[in-house]
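Enquirer: Compute the structure for the input listed below.
(chains A and B)
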2 protein chains.
Amino acid sequence: MEPTHIEHIGIAVESLEQAIPFYEKTFGLKCYSVEEVKDQKVKTAFFKVGQTKIELLESTDPEGPIGKFIEKKGQGVHHIAFAVKDLPVRLEELEQKEVKLIDRTPRKGAEGLNIAFLHPKSTFGVLTELCEEPVK
Amino acid sequence: MEPTHIEHIGIAVESLEQAIPFYEKTFGLKCYSVEEVKDQKVKTAFFKVGQTKIELLESTDPEGPIGKFIEKKGQGVHHIAFAVKDLPVRLEELEQKEVKLIDRTPRKGAEGLNIAFLHPKSTFGVLTELCEEPVK
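Expert: Here you go, the predicted model:
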């Protein structure tokens, strides 16, 4: 698969209104984008740290994936995302290796990326996302 | 604070013997180092993905921090580490901003880095480490 870098780290927070100023004032990072991803029932805020983005995720619905995650585990790291090339091919390879996929084909994620999630049961408990920049 | 990049992502696993081949064969990453950090009661394995390392952590003692983490939360992301400059100064600044510190002064971590942990209560549930390369 050979990911090129960590594209982002997704962090579940209860409130972007509280978490964004913390990341800005305490860690000195700049929030460059806030975006709602309706089908995931989240509002996201992005910060850049070197090659990697921090993606803060606030649930817009208690029944959404982030709402349920926080209810069960509390705030914290929700997923990590690897940047890969040829995502559809990578997914086929992973399926052949019997990795359990949440998304068997890429779908649209935040920032217009093509994304797919792998199931944490196959990845030692880490919800893992693969991302690829779409061809422009 | 302005971290330069994500230095590493620490992932708690039950068994390095099982997790290392997975990261190598499935994700195509290369384990370049296995190291025991006795005072943390862990054995670590490192992989590089762009600027960032994946640090797999296996507990050597059920009473150690990783043993307790897995017992409570299961396998998964344990901490994220930012690379910073002038770590002692950064810790003073954070203390002035009333961030709760686990380590008020730097100590030695894996790979010879100077490190300090911030308390997840202050960082929206994310156990956060700061790292600095020692002066050679």
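Enquirer: Can you name the next helix or strand after the lowest-mean-pLDDT helix or strand in chain A?
Expert: In chain A, the helix or strand scored least confidently by mean pLDDT, DSSP states H and E is strand A:107-108, which has a mean of 92. From strand A:107-108 onward toward the C-terminus, using DSSP states H and E, the following helix or strand is strand A:114-118.
Enquirer: Other residues contacting that next one?
Expert: Contacts made with strand A:114-118 from outside it, assessed by C-beta atoms under 8 Å, 6 or more residues apart in numbering or on different chains, are listed as A:79, A:81, A:87, A:91, A:94, A:99-109, A:127-134. Using the backbone N, CA and C atoms, a C-beta is placed for each residue, glycine as well.
Enquirer: Give me the sheet partners of the least confident helix or strand of chain A and which way each runs.
Expert: Here strand A:107-108 is paired, per DSSP bridges, with strand A:114-118 (antiparallel).
Enquirer: Run through the residues of chain A sitting next to chain B.
Expert: Listed as neighbours of chain B in chain A under the rule C-beta under 8 Å from any C-beta of the partner chain: A:1-6, A:9, A:11-14, A:18-19, A:22, A:25-29, A:49-52, A:73-77, A:80, A:82-83, A:94, A:97, A:99, A:120, A:123-126.
Enquirer: Please, a PyMOL command that selects the buried ones among those?
Expert: Written as a PyMOL command, the selection of buried residues from the residues of chain A next to chain B, which uses 16 or more other C-beta atoms under 10 Å in any protein chain shown, is:
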select buried, chain A and resi 1+3+5+6+9+11+12+13+14+19+22+26+27+29+49+50+51+52+75+76+77+80+82+83+94+99+120+123+124+125+126
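Enquirer: Of the residues of chain A next to chain B, which belong to strands?
Expert: Using DSSP state E, the members of those that fall within strands are A:5-6, A:9, A:11-13, A:49, A:52, A:76-77, A:80, A:82-83.
Enquirer: quick one on the thing from earlier: are any of the contacts of strand A:114-118 buried, and if so which?
Expert: With burial judged by 16+ other C-beta under 10 Å, the buried subset of the contacts of strand A:114-118 is A:79, A:81, A:87, A:91, A:94, A:99, A:101, A:103, A:106, A:109, A:127-132.
Enquirer: which one of the residues you listed sits closest to B:E35?
Expert: Nearest to B:E35 among these: A:T128, at 23.9 Å, using C-beta to C-beta.
Enquirer: Confidence-wise, which of the buried ones among the contacts of strand A:114-118 comes last?
Expert: Lowest pLDDT within these is found at A:G109 (88).
Enquirer: Identify the residue spatially nearest to it, adjacent ones excluded.
Expert: When the adjacent residues along the chain are set aside, A:G109 lies closest to A:I115, with 3.5 Å between them (C-beta to C-beta, 6 or more residues apart in numbering or on different chains).
Enquirer: Can you redo the ones in strands among the residues of chain A next to chain B as TSV, where the extra columns are distance to A:G64 and pLDDT?
Expert: Listed next are these as TSV, based on distance: C-beta to C-beta, whole Å; pLDDT from 0 to 100:
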residue	distance to A:G64	pLDDT
A:H5	28	97
A:I6	24	98
A:I9	19	98
A:I11	15	98
A:A12	11	98
A:V13	14	98
A:V49	26	97
A:T52	24	97
A:G76	17	96
A:V77	17	97
A:I80	20	98
A:F82	23	98
A:A83	25	97
